[in-house]
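**Q** predicted model and sequence follow; I will ask about them next.
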Amino acid sequence: MVERKFAGTLLPAMTFADPAGKTLDLGAQDGPVLVNLWATWCAPCVVEMPQLDALAGELEGEVKVITISQDIRAGEVVTPFFAEKGFTRLEPWLDPETQLSAQFSPEGVLPLTILFDGSGKEVLRVAGGYEWGSPEAAAMIRDALKAAPR
């Protein structure tokens, strides 16, 4: 379900790491980002991940797709998952303390995908599974960014 009731919420200034220790400053992103909160134990999340990898390729140069695992076992489960799936565009960012879930989905709904515009303001969010591999998904993102207040 696509929701716009949280439009204007700012991209949080939080830092995440990947299993190798590389860090991501979420609040310092340059340009629009699509942030996906997911977990290896979440069936709809697992279905979405290859679609998000493909979408990241389709939107390259327009929107950065950032997937952040909410697995409390972090790299222990995310590293083999990424290795098995062979993603080419997604990076294995980790949030084992589930800071993002606490802020954006206190009810614990995963997957949760949020589109932020180039100024770091939320445009829309999708709670639950979505068909990110469909032509409509890329069109929805592009249209939402064009319609976002500047």
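**A** Perfect, thanks for sending it.
**Q** what is the neighbour count of the closest residue to residue 59 other than its chain neighbours?
**A** Spatially, and ignoring its direct neighbours in sequence, residue 59 is nearest to residue 138 (6.3 Å; CB to CB, 6 or more residues apart in numbering). For every residue, glycine as well, the C-beta is placed using N, CA and C. Residue 138 has 17 neighbouring residues, counting by other CB atoms under 10 Å.
**Q** now do the SS call for residue 138.
**A** helix (DSSP: H, G, I helix; E, B strand; the rest coil).
**Q** now do residue 61
**A** Quick answer, by three-state DSSP: residue 61 is coil.
**Q** again, but for residue 40
**A** Per three-state DSSP, residue 40 ends up coil.
**Q** let me see the contact set for it.
**A** Contacts here follow CB atoms under 8 Å, 6 or more residues apart in numbering; on that basis residue 40 touches 46, 69, 71, 77, 78, 81.
**Q** out of these, which comes closest to residue 11?
**A** Nearest to residue 11 among those is residue 69, at 18.0 Å by CB to CB.
**Q** quick one: that closest one and residue 129, what's the gap?
**A** As judged by CB to CB, to the nearest Å, residue 69 and residue 129 stand 16 Å apart.
**Q** which of these two has more neighbours?
**A** Legend: neighbour count by other CB under 10 Å for residue 69 and residue 129, higher for residue 69 (29 against 17).
**Q** isn't that one right up against residue 94?
**A** Yes. With contact defined as CB atoms under 8 Å, residue 69 counts as touching residue 94 (5.3 Å).
**Q** mind listing the shared neighbours of these two?
**A** residue 78.
**Q** wait, residue 12 touches residue 103, no?
**A** Yes. Using CB under 8 Å, residue 12 is in contact with residue 103, at 6.1 Å.
**Q** please consider this matter closed, and thank you.
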